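Participant: my questions concern the predicted model and sequence given below.
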Amino acid sequence: MRIKVLNHPLVDHKITVLRDKSTPSPIFRQLVDELVTLLAYEATRDIRVESREVETPVAKTVGSHIASPRPLIVPILRAGLGMLEGMTRLIPTAEVGFLGMARNEETLDIVTYAERLPEDLTGRQVYVLDPMLATGGTLIEAIKFLRARGAEHITCVCVLGAPEGIEALEKGIDGLENVDLFLAAQDERLNEKSYIVPGLGDAGDRLYGVAH
Ligand SMILES: O=P(O)(O)OC[C@H]1O[C@H](OP(=O)(O)OP(=O)(O)O)[C@H](O)[C@@H]1O
Ligand SMILES: O=c1cc[nH]c(=O)[nH]1
Ligand SMILES: [Mg+2]
């Protein structure tokens with residue numbers, strides 16, 4: 001698994017404001033959106049392209065065009081939804097599928113409560129969006145789900161990741177050469193409730209309010 005952590009003072013500034021518990025939801029959403037744009041720029045470095053001829057006002061030349069089948073973006077509800085617009089802004093021709101997953105905060109089991117994805121993902125490049133990689137349980141389930149539909153290459157795009165989650169992915173997933181992970185920052189550890197430390201709290205709640 002290729003792991004890339006953005007190392008950039010502007011990213012670090014935005015993450016610091018995200019972490020601040022006094023940052024209100026509208027600013028939080030705005031910052032997640034801005035961070036995704038920066039993450040997406042890195043995460044799409046290997047997006048598949050095909051050559052395409054174009055005629056400029058001066059000459060004919062051969063350029064690039066996003067290849068078929070189109071990439072698929074999969075936000076993991078709820079919190080991943082906060083990353084969707086930033087990603088589609090960069091790849092407007094991508095398709096979007098949805099996975100609804102929730103972590104039981106007591107048992108840490110993952111419940112997949114919704115899915116709206118193409119049945120056949122054979123040959124697709126898939127970008128999974130989830131701001132938080134904590135124990136890794138959610139991403140492992142998501143990768144298994146997408147692979148069962150035939151997804152070939154999966155790029156996980158997260159804002160914060162814990163070392164425990166990265167290790168869990170490395171142990172829990174086969175074929176790691178076809179999985180990439182992009183993080184805006186890697187945090188220290190998980191606490192006794194499996195929250196990321198220092199983290200930013202519950203990303204879904206901070207984006208959309210407390211879930212009931
Ligand atoms: O790595 P893990 O230990 O699996 O934890 C990470 C998951 O937990 C959060 O979702 P949550 O279950 O809180 O759902 P929400 O997005 O609806 O708040 C977060 O958005 C990730 O999906
Ligand atoms: O720190 C954490 C861990 C899981 N989910 C979150 O939203 N935050
Ligand atoms: Mg949550």
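Facilitator: Looks like it arrived, so ask away. Ligands and ions are numbered 1, 2, ... in the order given.
Participant: quick check: phi and psi on the residue in the chain positioned nearest to ligand 3?
Facilitator: The minimum distance from the chain to ligand 3, using CB to the ion, falls at Gly204 (3.3 Å). Every residue, glycine included, has its C-beta placed from N, CA and C. Torsion angles at Gly204 (phi, psi; degrees, to the nearest 10) stand at phi -60, psi -40.
Participant: give me the pLDDT for it.
Facilitator: In this model, Gly204 is scored at 97, pLDDT.
Participant: now Arg124
Facilitator: Model confidence at Arg124, given as pLDDT, is 93.
Participant: just want the phi and psi numbers for the residue nearest to it when sequence neighbours are not counted.
Facilitator: With sequence-adjacent residues excluded and distances taken as CB to CB, 6 or more residues apart in numbering, Arg124 is closest to Leu72, at 5.1 Å. Leu72 adopts backbone torsions of phi -110, psi 130, taken as degrees, to the nearest 10.
Participant: could you pull out the helices for the chain?
Facilitator: Listed in chain order, the helices of the chain (DSSP state H) span 9-19, 25-43, 84-90, 137-148, 163-172, 203-208.
Participant: ok, back up a step: just give me the neighbour total for the residue nearest to Arg124.
Facilitator: Neighbours of Leu72 under the rule other CB atoms under 10 Å: 21.
Participant: brilliant, that's me finished.
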